[in-house]
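A.B. asks: Make a model of this:
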Amino acid sequence: MIRIGNAQGFWGDWLEAPVRMVEDGPLDYLTLDYLAEVTMSILQKQRKENPALGYARDFPPLAAKIGGRGVKVVANAGGVNPMACAREVKRLAPRLKVAVILGDDLMDRLDLLGDQIASIRDRISSANAYIGAFPVAEALATGADVVIGGRIADASLALGPMVHEFGWRDDDWDKLASGIVGGHIVECGTQATGGNCSAAWETLEGWATMGYPILEVEPDASFRVTKHAGSGGVICDACIKEQLVYEIHDPSAYYTPDVIADFTTIQLDDGRVAGVKGKPRPEKLKVSVSYHAGWRSIGTITFPGSKARRRAEIAERTVRERLDMAGLAFDATLAEYLGDDDLMQLRFGVRGLDKSQVDRFTREMIPLVLSGPPGGTGYGEGRPAVREIVAYAPAYLPREAVSTRIEVLA
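C.D. replies: As a prediction, the model looks like this:
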């Protein structure tokens, strides 16, 4: 039996969790899932500005702190620059052996995606194939203390150690599917132990010390979901079920780079999972593509007191008329009213490809403090900011077009 815990559900999750997982109880592997789809584009922008960046920068000091303490660390913190991430880990902790998984970045090979990206090709900021568990297992076989990758699929982070430890074949479909189910349960951290759980929140205790999930996995691929003794939160089937249906489409065919898992075959009882069935892996790999989709800005103004709604409506009309007078055109505008007739906030936003026009909009909200309906307030932060819009598009390519490789920094 091996114990695999996950202590990061996204880049920005609780910083204390990985340290607590290593220090508060027995664990063999610790996975850290940093990458949402749009995160890749943020990291690509950082790398464009500085070639030494493009990874989750809080990971190297964390890895230096927890690495080499008897727990193998597996993370997709490398983002779009896993080698730079690994070098920084080595700089901070020269004692650690670090294995890097490369090959998912397709920015230099966009032709592989063909017509799927034709309309957005000149605005693409990142393109990364989802890679699976077997490169993770290969990296662990080097004896590395820390394994760093780019767009490793979320659930495959946990499946990799299982493949490494138990020697599962690449056609052990049922075992691979069970491992993927386990990885999916823990990939969002505390969503499996009470966090964000509609079934348990009223009776749940220990919010501040909520334990992150751990898989106790047997060689036959059955497993139990647990957490460290004394930690907050709860292990209950209701919470696990809510996580199981998170971000899936067809429950009978959950596609991953490693296997297609049939969630309808899951046998769940008091945190124990068995009986999962799998089908051969997809012929194609999914690619996460992010691209520039314009600019946006959102401004607010608040009206307290009697007839607040009516005053907010006049403010909206005034802004729209002035935008028309200035000859501004946007892809979309949106007005929202938050509050009631005694206190109302107007939230007005615009979106467009022309940054100068979006910036011009930001100059039309503040004047309402003097030229709008009486009582307008809430301008302490000045003009609203103009922010870039990064959109996500999926693409697909034959799996043989992606070749991963392992490099070791010993």
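
A.B. asks: all strands of the stretch 51-200 of the chain, in order?
C.D. replies: Counting by DSSP state E, counting those that start in this stretch, the stretch 51-200 of the chain has strands at residues 72-75, 98-102, 124-129, 146-148.

A.B. asks: So which elements touch the worst-scoring helix or strand of the chain on mean pLDDT?
C.D. replies: When each helix and strand of the chain is scored by mean pLDDT, DSSP states H and E, helix 37-49 comes last, with a mean of 83. Packing contacts for helix 37-49, counted by 3 or more CB pairs under 8 Å, 6 or more residues apart in numbering; DSSP states H and E, involve strand 124-129, strand 284-304, strand 387-398. The C-beta positions use only the backbone N, C-alpha and C, and glycine is treated the same way.

A.B. asks: which sections of the chain are below the confidence cut-off?
C.D. replies: Nowhere does the chain drop to pLDDT under 70.

A.B. asks: domain parsing for it?
C.D. replies: 2-289+394-409, 290-393 (automatic domain parsing).

A.B. asks: So which of those is the most surrounded?
C.D. replies: domain 2-289+394-409 (a mean of 20; mean count of other CB atoms under 10 Å).

A.B. asks: could you dump the longest helix along the chain to CSV, C-alpha only?
C.D. replies: The single longest helix within the chain, with elements called by DSSP state H, is helix 308-325. The C-alpha trace of helix 308-325 is given here as CSV (Å, rounded to 0.1, in the frame of the first residue of the first chain):
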residue,chain,number,x,y,z
ALA,A,308,-31.4,54.6,-5.5
ARG,A,309,-32.4,52.4,-8.4
ARG,A,310,-33.7,55.3,-10.4
ARG,A,311,-30.6,57.3,-9.9
ALA,A,312,-28.5,54.3,-11.0
GLU,A,313,-30.5,53.9,-14.1
ILE,A,314,-30.0,57.6,-15.0
ALA,A,315,-26.2,57.1,-14.5
GLU,A,316,-26.2,54.1,-16.9
ARG,A,317,-28.1,56.0,-19.5
THR,A,318,-25.8,58.9,-19.2
VAL,A,319,-22.7,56.7,-19.6
ARG,A,320,-24.2,55.0,-22.7
GLU,A,321,-25.1,58.3,-24.3
ARG,A,322,-21.6,59.7,-23.7
LEU,A,323,-20.0,56.6,-25.2
ASP,A,324,-22.1,57.1,-28.3
MET,A,325,-21.2,60.8,-28.5
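
A.B. asks: Can you name the next helix or strand after it?
C.D. replies: strand 332-340 (DSSP states H and E).

A.B. asks: still on that earlier bit, redo the helices and strands packed on helix 37-49 as a markdown table? Include distance to residue 154.
C.D. replies: Compiled in a markdown table, the helices and strands packed on helix 37-49 are given as follows (distance: least, CB to CB, whole Å):
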| stretch | distance to residue 154 |
| --- | --- |
| strand 124-129 | 13 |
| strand 284-304 | 11 |
| strand 387-398 | 15 |
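
A.B. asks: ok, residue 21 - contacts?
C.D. replies: Contact partners of residue 21, counting by CB atoms under 8 Å, 6 or more residues apart in numbering, are 5, 7, 27, 30, 71, 212, 214, 228.

A.B. asks: now do 7 Å
C.D. replies: Applying CB atoms under 7 Å, 6 or more residues apart in numbering to residue 21 gives the contacts 5, 7, 27, 30, 212.
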